[in-house]
Every structure is written in C-alpha cells, then in structure tokens.
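I'll drop the sequence and a predicted model, then ask my questions.
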Amino acid sequence: MTHPYAASSLAGKIAVVTGAAQGIGEATARLFLERGAAGVVLVDVQAEKLAAVAASLTAAGHKAIAVPTDLADAAAVAKVMPAADATFGRVDILANVAGLTERGGILDSDVAFFDKMFAINVRAPFFLMQDAIALMQREKADGTIVNILSVNAHVGAPNLAPYSASKGALLTLTKNTANAVNWMRIRVNGVLLGWVDTPGEHETLKRFHGAKDGWLDAAEKSRPFGKLLKPEDVARQIAYLASDESAPMTGAVLDYEQTVFGGYGGPPAAISGAVRAGGFGALAAPSTGCAGPAPPLAAEDCG
Ligand SMILES: NC(=O)c1ccc[n+]([C@@H]2O[C@H](COP(=O)([O-])OP(=O)(O)OC[C@H]3O[C@@H](n4cnc5c(N)ncnc54)[C@H](O)[C@@H]3O)[C@@H](O)[C@H]2O)c1
C-alpha cells in the first residue's frame with residue numbers, strides 16, 4: 001500500500017511559482033508537476049526564457065502558463081493572481097522563489113538600490129501572499145505558501161546588507177503571515193538557503209566577485225559534502241513544505257545548508273584529532289585512497 005504522504009503528493013493542486021524562468025523556480029515548477037500538480041503559473045521577468053519553460057512543460061502534456069512580470073513593479077504584481085484565477089479558477093500553492101541577489105553594503109548602497117531590493121524581495125512576496133490568500137479563502141483551499149529566504153537572514157556578509165535585511169524581513173513576514181492565517185488552514189513556511197548552484201549564482205559571482213569559468217569545481221571541493229546545493233535539492237524541500245506531508249507545520253523556517261550557522265569548525269584537519277581522542281571507533285579509522293589534508297570521518301566519504 002502506498003503511504004498517503006509518499007513523495008509529497010501534490011495531486012490536483014494549482015501552483016504559482018515565481019523565478020520560474022530558470023534555476024530553483026524552474027526546478028520547483030517541474031517537480032510540482034511530476035508530483036501531480038494540475039497546473040502551474042510561471043512568473044519571471046525574463047519573458048523569453050519563461051515562455052520556453054512553459055512551452056516545454058506544455059509539450060510534455062502539462063498545464064502551464066507564463067505570466068511575465070517584473071516583481072519590482074507593484075502594478076504588475078497585482079496582475080499575477082488574477083491571471084492564475086482566469087486560467088485555473090483557484091490557487092492552492094504559492095512559491096515565492098524569485099529574488100534579487102545583487103551586492104551592496106551598509107556604506108555603499110543608495111536609496112534606489114535599497115528600494116529595489118525591498119520591492120522585489122519583500123513587497124512582491126507580501127502582495128502575492130495577500131492575493132493568494134484571498135483566492136485560497138474564496139475556494140476554501142488548504143493552501144500553502146513557501147518563501148525562499150537565505151541563511152544571510154541570520155547576519156549576512158558585509159557586502160550583502162540590503163539583501164540580508166530583505167531576507168530577514170521576509171523571514172519575519174513568513175512567521176507573521178503564518179500566524180495570521182492558520183485558522184484559515186493556510187500554512188506559510190520558509191527555507192533559508194545556503195549556497196546553491198544556480199544560473200543566478202553563476203552570474204552574481206562573475207559580475208561582483210570576478211569568478212572565472214571553473215569556479216564551481218573549486219567551490220564544490222571546499223564544501224563538507226563535496227557539492228553545492230542544486231536547484232533540484234531545493235525543489236524537494238519546497239515540495240515537502242507545499243504538500244500535506246509537512247502539515248500542520250506552519251511558521252517554520254528551515255536552514256537548508258551543509259554548514260551550521262553560528263558553529264565553529266572547519267575542514268577535517270581541525271577536528272580529526274578530537275574525533276580520535278573521543279574514541280568514535282570506526283569513524284576515527286584513517287582511510288586510504290582519499291586526497292585531502294586529513295582523513296575523512298568515514299570511508300564512504302571518499303569518491
Ligand atoms: N543561489 C544561492 O546560493 C542562493 C542562496 C540563498 C538564497 N537564494 C535565493 O534563491 C532564490 C533564487 O535565486 P538565484 O539567484 O539562485 O537565482 P536563480 O537562477 O534560481 O533564479 C532567480 C530568478 O528570479 C528572477 N527574478 C529576479 N528578479 C526578478 C524580478 N524583478 N521580477 C521577476 N523575476 C525576477 C530571475 O529572472 C531568475 O529567473 C532567490 O530568492 C535567492 O535570494 C539563492
């Protein structure tokens with residue numbers, strides 16, 4: 001017998017996904033449909049790419065519409081849910097994935113940049129939630145909303161001041177909204193993302209950090225699990241939070257990263273002695289055949 005919550009079923013649901021032209025948003029829309037969603041509304045400022053994603057989904061037999069939208073434009077944001085309603089007559093899921101990740105610090109950010117950051121990362125999700133909740137209420141849907149946050153909401157790097165503040169604001173908004181709508185049986189949760197290998201991240205690293213082709217390989221070698229998070233990894237967390245599998249959880253924000261924020265540590269060299277002294281038996285056994293400054297904690301960690 002199949003477990004009722006197996007694979008976060010989204011059978012029959014209609015979902016609105018922002019940032020759907022590429023990366024995490026696109027992977028999320030695709031996974032939603034794979035898990036049974038009856039239709040997706042794809043929202044992004046990159047109109048051509050968005051149309052291509054919609055066309056490929058439609059060609060695969062799914063129901064998908066593209067609603068090209070600049071989330072910095074409040075009037076355009078107000079048209080998203082009416083477009084979803086006109087095509088599908090309901091909305092069950094909203095995934096606020098799109099975000100502006102441009103760099104700027106406390107000393108060098110101007111008013112226009114600050115306002116743009118908050119318009120896209122906070123104001124747009126705010127009003128999309130407002131409009132989605134109205135539709136969910138009208139249809140008496142057990143709706144779910146998932147907001148994509150960032151581990152930068154905890155503090156953030158100095159060159160990410162408006163960005164970190166915007167994600168911190170969205171974190172509070174996630175909890176505040178969850179607290180406002182739980183008696184309507186609408187759930188609102190968030191994911192604080194760590195480092196994800198997305199087209200947006202490639203562009204940001206090249207534009208602001210002078211990264212060269214091949215940066216990803218070096219970056220992945222520096223991570224505890226030997227990879228950056230992938231859009232498909234994030235999509236699974238969003239699908240979980242959007243589905244009944246996570247019910248009745250609401251107002252929760254999940255740190256989704258391979259390092260622990262606020263924790264001290266480092267590469268295996270920094271801890272291998274402690275592990276040996278602690279007598280963790282097999283875990284402490286030196287392994288063979290692995291490159292690196294120190295043995296990994298377990299042989300399975302080797303490639
Ligand atoms: N990549 C990471 O390491 C990382 C880390 C933490 C959080 N995040 C968050 O993940 C989300 C995805 O971002 P990503 O940079 O990884 O990029 P991505 O490549 O997954 O795509 C982001 C999408 O958002 C769209 N978008 C940006 N501004 C928009 C606007 N004004 N109107 C409509 N659409 C707009 C882009 O066109 C793009 O398609 C963002 O919310 C970001 O803050 C990413």
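Yes, it's here.

quick one, what contacts the single nearest residue of the stretch 151-300 of the chain relative to the ligand?
Of the stretch 151-300 of the chain, the residue with the smallest distance to the ligand, taken as Cβ to the nearest ligand atom, is residue 200 at 2.4 Å. Any C-beta I mention is one placed from the backbone N, CA and C, and that applies to glycine too. Contact partners of residue 200, counting by Cβ atoms under 8 Å, 6 or more residues apart in numbering, are 22-23, 101.

near the ligand, from those residues?
The subset of the contacts of residue 200 lying close to the ligand, counting by Cβ under 6 Å from any ligand atom, consists of 22-23, 101.

Among these, which ones are in helices?
Using DSSP state H, the subset of those located in helices is residue 23.

Please list all residues in contact with residue 236.
By Cβ under 8 Å, 6+ apart, residue 236 lies in contact with 8, 31.

Tell me the pLDDT of it.
Per-residue confidence for residue 236 comes out at a pLDDT of 97.

before we move on, what SS does it have?
At residue 236, secondary structure determined by DSSP: H, G, I helix; E, B strand; the rest coil is helix.

one step back: mind putting the contacts of residue 200 in CSV, pLDDT and neighbour count included?
Compiled in CSV, these are given as follows (pLDDT from 0 to 100; neighbours: other Cβ atoms under 10 Å):
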residue, pLDDT, neighbour count
22, 98, 18
23, 98, 22
101, 95, 19
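
ok, so of the residues you listed, who is nearest the ligand?
residue 23 (2.2 Å).

close enough to count as contact, the closest one and residue 204?
No - in this structure residue 23 lies outside contact range of residue 204 using Cβ atoms under 8 Å: 11.4 Å.

Output the lowest mean pLDDT helix or strand found in the protein.
Averaged element by element with mean pLDDT, DSSP states H and E, the chain has its least confident helix or strand at helix 268-277 (a mean of 54).

show me what contacts residue 27?
Contact criterion Cβ under 8 Å, 6+ apart gives 230-232, 234-235 as the residues in contact with residue 27.

PyMOL command to pick out the buried ones of these?
For selection in PyMOL, the members of those meeting the burial criterion (16 or more other Cβ atoms under 10 Å) are listed in this command:
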select buried, resi 231+234+235
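
gap between the helix or strand encompassing residue 220 and the chain center?
For residue 220, the host element (DSSP states H and E) is helix 215-221. The offset between the C-alpha centroid of helix 215-221 and the centroid of the whole chain comes to 21 Å, using Cα atoms, centre = their mean, to the nearest Å.

Good, wrapping up.
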